[in-house]
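S.K.: everything below, folded, please.
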Amino acid sequence: MTVPMNKVIPFRRPSLKEKARGRTLCGSGFHKWRIDNKKQFDVKQGRLVTIHRCERCGETKSTLK
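M.R.: Model (predicted):
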């Protein structure tokens, strides 16, 4: 009994980049927050809103002053 070549599973070690996929600092919740210099004003609460942007992944969060 012979197995066709397209059914063969390649056995190779995953590279370090492939092994680390999904286990990055930002994926674990350790963002590198920097303040975005655009100051925004929240009309409903009448306060300044500070926008924080992660340098690595670009995710944003906002805080009220």
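
S.K.: could you report the neighbour count for His52?
M.R.: Number of residues near His52 (other C-beta atoms under 10 Å) recorded here: 14. Yep, even glycine has a C-beta here, placed from its N, CA and C like the rest.

S.K.: which ones are touching it?
M.R.: The contact partners of His52, by C-beta atoms under 8 Å, 6 or more residues apart in numbering, come to Trp33, Arg34, Ile35, Asp36, Thr60, Lys61, Ser62, Thr63.

S.K.: mind putting the residues you listed in JSON lines, neighbour count and pLDDT included?
M.R.: Converted to JSON lines, the contacts of His52 look like this (neighbours: other C-beta atoms under 10 Å; pLDDT from 0 to 100):
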{"residue": "Trp33", "neighbour count": "12", "pLDDT": "94"}
{"residue": "Arg34", "neighbour count": "11", "pLDDT": "94"}
{"residue": "Ile35", "neighbour count": "11", "pLDDT": "91"}
{"residue": "Asp36", "neighbour count": "13", "pLDDT": "87"}
{"residue": "Thr60", "neighbour count": "10", "pLDDT": "92"}
{"residue": "Lys61", "neighbour count": "11", "pLDDT": "92"}
{"residue": "Ser62", "neighbour count": "11", "pLDDT": "88"}
{"residue": "Thr63", "neighbour count": "11", "pLDDT": "85"}
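
S.K.: which of these fall in strands?
M.R.: Trp33, Arg34, Ile35, Asp36, Thr60, Lys61, Ser62, Thr63 (DSSP state E).

S.K.: tell me the contacts of the last one?
M.R.: Right, the one you point to is Thr63. Val49, Thr50, His52 are the contacts of Thr63 under C-beta under 8 Å, 6+ apart.

S.K.: for those, which one is nearest Arg23?
M.R.: His52 (23.0 Å; C-beta to C-beta).

S.K.: that closest one - nearest residue in space that isn't next to it in sequence?
M.R.: Nearest non-adjacent residue to His52, counting by C-beta to C-beta, 6 or more residues apart in numbering: Trp33, 4.4 Å away.

S.K.: so how far is the helix or strand bottoming out on mean pLDDT in the chain off the chain centroid?
M.R.: Here the helix or strand of the chain ranked lowest by mean pLDDT, DSSP states H and E is strand 33-42, holding a mean of 81. In terms of C-alpha atoms, centre = their mean, to the nearest Å, the centre of strand 33-42 is found 20 Å from the chain centre.
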